[in-house]
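Visitor: Model the following, please.
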Amino acid sequence: MPKLVIGLAILLMVADLLWYGVRGEEFERLWRQLLDRPSGPMAFRFILQPLMAVIAASHDGLKDARAGRTPYLWTIARHSRKRMARLREGLTATARIILLGLAMDLFFQLLVFKTFYPNEAVILAFLLAFIPYLVIRGPITRIARLWRGGASRRIR
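Guide: Numbering: from 1, shown residues only. Below is the predicted model of the structure:
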């Protein structure tokens, strides 16, 4: 599933470049439309997707605490040998959420804009799914470790 998400994201970004090119007004449109979305139709996804990511991050953070692993973001930032494996774990955990976000954004754009801007869909899906996961998993691990009485701090 993670390979599908990455492949689809790359395909959509290339399609966007071919359809719309790289111009200043495209960047302006992209940011304006991204910032206007929380107040438009389907605004529930701004709660739904991050909530699903927090649930996945909590589940994985608790597993990390039980296994004595270092917090997620800390490992990504500080342990270069483990970075790709841990990022892959996060992408695996959020792949369905990202795909759901891409589908919801496709419907939103067709409903509101009557066209499809692939880069917007990819950016928003990753912002609403992967970023909350990335930020929440480590603190959940730390809290669970404290709650369990300071479980061992082995690095795995």
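Visitor: and residue 151, what pLDDT?
Guide: We note a pLDDT of 49 for residue 151 in this prediction.
Visitor: Skipping adjacent residues, who's closest to the residue nearest in space to the middle of the chain in space?
Guide: Nearest residue to the geometric centre of the chain (Cα atoms, centre = their mean): residue 130, 1.5 Å. Leaving aside its sequence neighbours, residue 130 sits nearest to residue 94 (Cβ to Cβ, 6 or more residues apart in numbering; 5.1 Å). All C-beta atoms are positioned from the backbone trio N, CA, C, and that covers glycine.
Visitor: Name the helix or strand for that neighbour, please.
Guide: Using DSSP states H and E, residue 94 sits in helix 80-112.
Visitor: Helices of the protein, residue ranges please.
Guide: Under the criterion DSSP state H, the chain contains helices at 2-20, 24-36, 45-67, 72-78, 80-112, 118-147.
Visitor: Tell me what angle the lowest-mean-pLDDT helix or strand in the chain forms with helix 2-20.
Guide: Between all helices and strands in the chain, the lowest mean by mean pLDDT, DSSP states H and E belongs to helix 24-36, at a mean of 77. Put simply, helix 24-36 runs at 130 degrees to helix 2-20, going by axes from the mean of the first three to the mean of the last three Cα atoms, to 10 degrees.
Visitor: For helix 24-36, buried residues please.
Guide: 30, 33 (16 or more other Cβ atoms under 10 Å).
Visitor: List the contacts of it.
Guide: Residues from elsewhere that reach helix 24-36 (Cβ atoms under 8 Å, 6 or more residues apart in numbering): 20, 113, 117, 119, 120, 123, 124.
Visitor: Distance of the closest residue to the first one other than its chain neighbours relative to residue 112?
Guide: Distances taken as Cβ to Cβ, 6+ apart put residue 26 closest to residue 20, at 5.4 Å, once the chain neighbours are dropped. The spacing between residue 26 and residue 112, counted by Cβ to Cβ, to the nearest Å, is 18 Å.
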